[in-house]
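Q: Mind looking at a prediction? Sequence and model below.
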Amino acid sequence: MEITALLEIVDVSRHFDDFVALDKVSLRIEAGEFFTLLGPSGCGKTTLLRLLAGFDQPDGGDILLDDKSIISAPPEQRPLHTIFQNYALFPHMTVAENIGFPLRMAGCAKKDIQARVSEALENVRLPDKARHYPDALSGGQKQRIAIARALVNRPRLLLLDEPLSALDAKLREQMQIELINLQKDIGITFIYVTHDQGEALALSHRIAVMDQGRIVQVDVPERLYGFPNSRFVADFIGKCNLLEGNVREQQGNSVTVELDGLGPVHVCRSETKCVAGSRCALTLRPEKIRIAANVSPTEDESHFSGSVHDMLYLGDVTVYIVALSNGLLLEALLANSASGRTNFFEVGDSVEVAWSCDAGHLVLE
Amino acid sequence: MRKKNVLLWLSAALVYLFLYLPLVIVVVFSFNDSKLNAEWVGFTWKWYGKLLHNREMLGAAMNSLIIATVSAGVATILGTLAGMAMSQYRLRLLQLLVLAPIAMPEILMGVSLLVLFILVNMTLGLMSIMLAHITFCIGFVALSVQARMSSMDPALVEAARDLGASPWRCFREITLPLLMPGILAGALMAFTLSIDDFVITFFTAGVGSSTLPLQIYSMVKIAVTPEVNAVSTLLMLLTLVVITAASRLSPTIFRGE
Ligand SMILES: Nc1ncnc2c1ncn2[C@@H]1O[C@H](COP(=O)(O)OP(=O)(O)OP(=O)(O)O)[C@@H](O)[C@H]1O
Ligand SMILES: [Mg+2]
């Protein structure tokens, strides 16, 4: 028998009139995972989270927690808590009363509540804020209090809906690290919603990419980045060059692709099953492309010549947009390394690009 | 620039004079040591003293207080529920039904209530006045509560449920405390509306159930005595205090929302 997941979402759908916000979504989330729902704005992430929390009812499908359906349970009876985007701290209660709220609702003794609230405040390093009202806290502090409140009675699952989107970049990075450590320390399963692919890659054990109410791909960050299963995922996760073409032939995991206007290239170690003649796209990450005045390609590499169309100096790296002979624009990165040299080429310079046969990954229609 | 400012101040002063001059006159003459509202003779408290021995006046004042307290209390409970429903369901019709009595000409309300009470064979008295006052007070409380409710973050209620509060506890611990300023402001407004009301009360009052405004009216029919000035001044003072308190509690409802 299969080991049971902590949370199982089975064919869950949600319609708003004619609009399909969720279309037969199925997911299995294991205990202890940091699981992320990633997708563009409006793809249904919040809708799914609200179904899990019990604020909304699905039109079809089932949600199982520890193998038991929780669909008919009201929010207060589900052993999971939500971190809201705007924190939703109760403005008429002090920080201590806010954190004590779930304990009070659960009927804990006053003394217990006091002890556990102080402990929770210690854990988020805000012990001196107990008597403050939420209005007197900064964004980052509110965030920590909201997390402390949601974790104080040890839920099975924590749902976080873009919890960092209201913070500035610096604080966001700091809170990301705190979240990772927190999740590791307490071992509570996190389901994290974001539309920021960088954040998703940095935080998650596994990521589900959503688009228009559907799950497109579920995988660990490295696989999602290296082996996207569609143009959508390739384009949404990180930067990616998409080179369109036709499959010419496949032998085992070695494929020859006829790129439009560029000619044949060789893709080795392909994991994609393709049929000769079908349309496909070669996904190439900018950092996998070698760029030089004269690349002198190895046997395994495909190479093309072009000219620098545009460049973007970003400090650590410089991004070169290379126009290939067929007019296609290709993005490549060059690290500004220890040599101290930064800008190797100027706009208009003739350059060559090359990539090895295992650098790209094929996606089908 | 400077000149414009002076003009603005001057016109504003005129408007306020227009608004408050009649009230000032009443207050001033309530301290006048003369039976006529004609010229200032000297300062006295005696009209206020006389009020204390006027049985009819005291009875009417008592009635007014009872009616205002009960009407405001009941209207507050019903109006709060109406205001919450209005902000939750956002039905235009609901709004209209609650707010129509506010815009309705008072005389129309008075007559229709009178017809209704006669139809159901109700004896006119304190009870009928209270029922009438409750009807026109509900709308004001509902407005005040709705304004407060729409400025409340709906995520707070969800957060409370999420953290283990049943619907009832969520209402008691989150919704009610957060709505309280709006509810209190509505209650205070209802109280002043009830205690000042003349037209509707006039139609729905029976024999022996006179209220302060009715009492003042019947006295004025003979002459505007300094005693009327004194009781009017007291009524004015009460209204002022209550309205100030209400506006402190809920500034938004006085900004025409
Ligand atoms: N109550 C509702 N009534 C009608 N449509 C709704 C409702 N709630 C959500 N939708 C629609 O469902 C779609 C998904 O919304 P949802 O809030 O889940 O998106 P999201 O992925 O969380 O986006 P974002 O990243 O912008 O928060 C949107 O197109 C939205 O307009
Ligand atoms: Mg959302």
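A: Alright, I've got the coordinates. Numbers count the residues shown, from 1 in each chain, chains lettered A, B, ... in the order given. Ligands and ions are numbered 1, 2, ... in the order given.
Q: Which strand or helix spans B:A85?
A: helix B:55-89 (DSSP states H and E).
Q: what about that helix and chain A, touching?
A: No. Using CB under 8 Å from any CB of the partner chain, helix B:55-89 stays clear of chain A, coming no nearer than 14.5 Å. C-beta: built from backbone N, CA, C; applies to glycine.
Q: State the mean pLDDT of stretch A:104-120.
A: Stretch A:104-120 shows a mean pLDDT of 93.
Q: ok, and the closest non-adjacent residue to the most centrally placed residue in chain B?
A: Nearest to the mean C-alpha position of chain B, by CA atoms, centre = their mean, lies B:L193 at 1.9 Å. Nearest residue to B:L193 in three dimensions, chain neighbours excluded: B:C137, at 5.8 Å (CB to CB, 6 or more residues apart in numbering or on different chains).
Q: again, but for A:L158
A: A:F190 (5.1 Å).
Q: wait, is that neighbour part of a strand?
A: Yes. Judged by DSSP: H, G, I helix; E, B strand; the rest coil, A:F190 forms part of a strand.
Q: Measure how buried it is and give me the count.
A: 23 (other CB atoms under 10 Å in any protein chain shown).
Q: in the stretch 101-250 of chain B, which segments are predicted with low confidence?
A: Where the stretch 101-250 of chain B drops to pLDDT under 70, the residues are B:250.
Q: how near is the residue in it that ligand 1 sits nearest to to B:A82?
A: Per CB to the nearest ligand atom, B:P154 is where the stretch 101-250 of chain B lies closest to ligand 1, at 11.5 Å. Distance of B:P154 to B:A82, computed by CB to CB, to the nearest Å: 19 Å.
Q: Same check on B:Y217?
A: B:Y217 sits at a distance of 32 Å from B:A82 (criterion: CB to CB).
Q: Please verify my assumption that A:L334 contacts A:Y320.
A: Yes. Using CB atoms under 8 Å, A:L334 is in contact with A:Y320, at 6.4 Å.
Q: Looking only at neighbour counts, state which of those two leads.
A: Between A:L334 and A:Y320, counting by other CB under 10 Å, A:Y320 is the more crowded of the two (26 against 21).
Q: all helices of the stretch 101-250 of chain B, in order?
A: Under the criterion DSSP state H, counting those that start in this stretch, helices of the stretch 101-250 of chain B are mapped to B:106-119, B:126-150, B:154-162, B:167-170, B:176-196, B:199-204, B:212-220, B:226-249.
Q: buried sites along the last one?
A: Spelled out, it's helix B:226-249. Burial within helix B:226-249, assessed by neighbour count using 16 or more other CB atoms under 10 Å in any protein chain shown, is assigned to B:226-233, B:235, B:238, B:242-243, B:246-247, B:249.
Q: again, but for the shortest one
A: Buried residues in helix B:167-170, counted by 16+ other CB under 10 Å: B:C170.
Q: Can you list the helices and strands that that helix packs against?
A: Helices and strands touching helix B:167-170, by 3 or more CB pairs under 8 Å, 6 or more residues apart in numbering or on different chains; DSSP states H and E, are helix B:154-162.
Q: got the buried residues for the helix it packs on?
A: Buried residues in helix B:154-162, counted by 16+ other CB under 10 Å: B:A155, B:L156, B:V157, B:E158, B:A159, B:A160, B:R161, B:D162.
Q: again, but for stretch B:113-121
A: Neighbour-count burial for stretch B:113-121 flags B:L113, B:L114, B:F117 (criterion: 16+ other CB under 10 Å).
Q: Identify, from those, the entry nearest to chain A.
A: Nearest to chain A among the buried residues of stretch B:113-121, counting by CB to the nearest CB, is B:L113 at 39.1 Å.
Q: What pLDDT does the model give the residue nearest to the spatial centre of chain A?
A: With distances taken as CA atoms, centre = their mean, A:A200 lies nearest the centre of chain A, 2.8 Å away. A:A200 is assigned 93 on the pLDDT scale.
Q: And the contacts of the helix or strand hosting it?
A: Using DSSP H and E, A:A200 sits within helix A:197-203. Defining contact as CB atoms under 8 Å, 6 or more residues apart in numbering or on different chains, one finds that helix A:197-203 is touched by A:34, A:36, A:38, A:164, A:172, A:176, A:179-180, A:192, A:194, A:207, A:221, A:224-225, A:236-238.
Q: how about 6 Å then?
A: A:T36, A:L38, A:Q176, A:I180, A:T194, A:I207, A:P221, A:I237 (CB atoms under 6 Å, 6 or more residues apart in numbering or on different chains).
Q: ok, the helix or strand that that helix is followed by: who's next to it in the sheet?
A: Heading C-terminal from helix A:197-203, the first helix or strand you meet, by DSSP H and E, is strand A:206-211. When sheet partners are counted by DSSP bridges, strand A:206-211 sits next to strand A:34-38 (parallel), strand A:214-219 (antiparallel).
Q: Relative to the whole chain's centre, how far out is the longest one?
A: For strand A:214-219, the separation from the chain centroid amounts to 11 Å (computed by CA atoms, centre = their mean, to the nearest Å).
Q: same thing with stretch B:145-152?
A: Stretch B:145-152 has its C-alpha centroid displaced from the chain centroid by 20 Å (CA atoms, centre = their mean).
Q: Name the residues of that stretch that are buried.
A: For stretch B:145-152, the neighbour count (16+ other CB under 10 Å) marks B:V145, B:Q146, B:A147, B:R148, B:M149, B:M152 as buried.
Q: Just name the closest of those residues to A:V265, please.
A: B:M152 (59.9 Å; CB to CB).
Q: Now do the phi/psi pair for the closest one.
A: Torsion angles at B:M152 (phi, psi; degrees, to the nearest 10) stand at phi -90, psi 140.
Q: For the biggest helix by length in chain A, C-alpha coordinates in PDB please.
A: When chain A is parsed with DSSP state H, its longest helix is helix A:169-186. Only the C-alpha atoms of helix A:169-186 are listed here, as PDB (Å, rounded to 0.1, in the frame of the first residue of the first chain):
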ATOM      1  CA  ALA A 169      13.000  43.600  -0.700                       C
ATOM      2  CA  LYS A 170      15.600  43.600   2.100                       C
ATOM      3  CA  LEU A 171      13.100  42.500   4.800                       C
ATOM      4  CA  ARG A 172      11.600  40.000   2.500                       C
ATOM      5  CA  GLU A 173      14.900  38.200   2.000                       C
ATOM      6  CA  GLN A 174      15.500  38.200   5.800                       C
ATOM      7  CA  MET A 175      12.000  36.800   6.400                       C
ATOM      8  CA  GLN A 176      12.500  34.200   3.700                       C
ATOM      9  CA  ILE A 177      15.500  32.800   5.600                       C
ATOM     10  CA  GLU A 178      13.500  33.000   8.900                       C
ATOM     11  CA  LEU A 179      10.600  31.100   7.300                       C
ATOM     12  CA  ILE A 180      12.900  28.300   6.000                       C
ATOM     13  CA  ASN A 181      14.600  27.900   9.400                       C
ATOM     14  CA  LEU A 182      11.300  28.100  11.300                       C
ATOM     15  CA  GLN A 183       9.800  25.400   9.100                       C
ATOM     16  CA  LYS A 184      12.800  23.200   9.500                       C
ATOM     17  CA  ASP A 185      12.800  23.600  13.300                       C
ATOM     18  CA  ILE A 186       9.200  23.000  14.000                       C
END
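Q: quick one, that helix and strand A:34-38 angle?
A: For helix A:169-186 against strand A:34-38, the angle by axes from the mean of the first three to the mean of the last three CA atoms, to 10 degrees is 140 degrees.
Q: Please report how far whatever residue of the stretch 151-300 of chain A ends up closest to ligand 1 lies from A:E162.
A: In the stretch 151-300 of chain A, the residue that lies nearest ligand 1 is A:H195 (4.5 Å; CB to the nearest ligand atom). For A:H195, the distance to A:E162 equals 7 Å [CB to CB].
Q: for the stretch 1-150 of chain A, what spans make up the helices?
A: Here the stretch 1-150 of chain A has its helices, by DSSP H, counting those that start in this stretch, at A:45-53, A:95-105, A:110-123, A:139-151.
Q: any chance of those in CSV, plus mean neighbour count and distance to A:A354?
A: Shown next, in CSV, are the helices of the stretch 1-150 of chain A (neighbours: other CB atoms under 10 Å in any protein chain shown; distance: least, CB to CB, whole Å):
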stretch, mean neighbour count, distance to A:A354
helix A:45-53, 22, 39
helix A:95-105, 23, 57
helix A:110-123, 16, 52
helix A:139-151, 22, 46
